[in-house]
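K.L.:
just to be clear, the model below is a prediction. Sequence and coordinates:
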Amino acid sequence: MNLRSLRIITEDIKSLVSFYEKVTGLSATWHTPDFAEIGTPSCNLAIGSTKTLALFGENIAEPSANKSVIIEFMVDDVDNSYELVKNTTNDILQQPVTMPWGNRSILFRDPDGNLINFFAPVTKEAIERFL
């Protein structure tokens, strides 16, 4: 099994795609006006408008209602990423800090309220987990 994609459903796809392009520095590929993906080597972040839900059935997902998932991106330098993020959003929950498990991390929200963690392993043990 191989996790290849995480999808966010939103009511304002253009705004959310633009936000993720800014904070990741990656360009989205638009497949339709209601579906875009931002690709990384390990997994794609898919963003779909609420219109795509009709393809799955009623009451499948609710935009802007996430209370339990954190979208995590491994970055080269958390402190440099923080400078970009703080110029993109005011919804920063955690400034750069090294966590007890060895990752340096920042935590913030996207415009729909989804939690995002930018992290980089910094201790020897943490780095070895990602080799």
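P.N.:
Perfect, thanks for sending it. Residues are numbered from 1 along each chain as shown.
K.L.:
please, which helix or strand holds the most centrally placed residue in the chain?
P.N.:
The residue lying closest to the centre of the chain (CA atoms, centre = their mean) is Ile71, at 4.5 Å. Counting by DSSP states H and E, the element that carries Ile71 is strand 70-74.
K.L.:
look up how far Ser49 lies from the residue nearest to the centre of the chain.
P.N.:
18 Å (CB to CB, to the nearest Å). Every C-beta, even on glycine, is put in place using the N, C-alpha and C of the backbone.
K.L.:
just Thr123 next, same as before
P.N.:
Where Ser49 is concerned, Thr123 sits at a distance of 41 Å (CB to CB).
K.L.:
neighbour-wise, which of these two wins?
P.N.:
Between Thr123 and Ser49, counting by other CB atoms under 10 Å, Ser49 is the more crowded of the two (20 against 15).
K.L.:
picking that back up, report the beta-bridge partners for the residue nearest to the centre of the chain.
P.N.:
Ile116 (DSSP bridges).
K.L.:
His31 against Glu37, yeah?
P.N.:
Yes. Using CB atoms under 8 Å, His31 is in contact with Glu37, at 6.9 Å.
K.L.:
Asp12: how many residues sit nearby?
P.N.:
Under the criterion other CB under 10 Å, the count of neighbours that Asp12 has is 15.
K.L.:
offset the numbering so it begins at 5, please.
P.N.:
Right, with 5 as the first residue, what we last looked at is Asp16.
K.L.:
name the nearest residue to it, ignoring sequence neighbours.
P.N.:
Closest residue to Asp16 apart from its sequence neighbours, by CB to CB, 6 or more residues apart in numbering: Pro115 at 7.3 Å.
K.L.:
quick one, longest helix in the chain?
P.N.:
helix 17-28 (DSSP state H).
K.L.:
domains of the chain?
P.N.:
5-59, 70-135 (automatic domain parsing).
K.L.:
roughly how far out does the longest one sit from the chain middle?
P.N.:
Which is domain 70-135. Taking CA atoms, centre = their mean, to the nearest Å, one finds the center of domain 70-135 at 10 Å from the center of the full chain.
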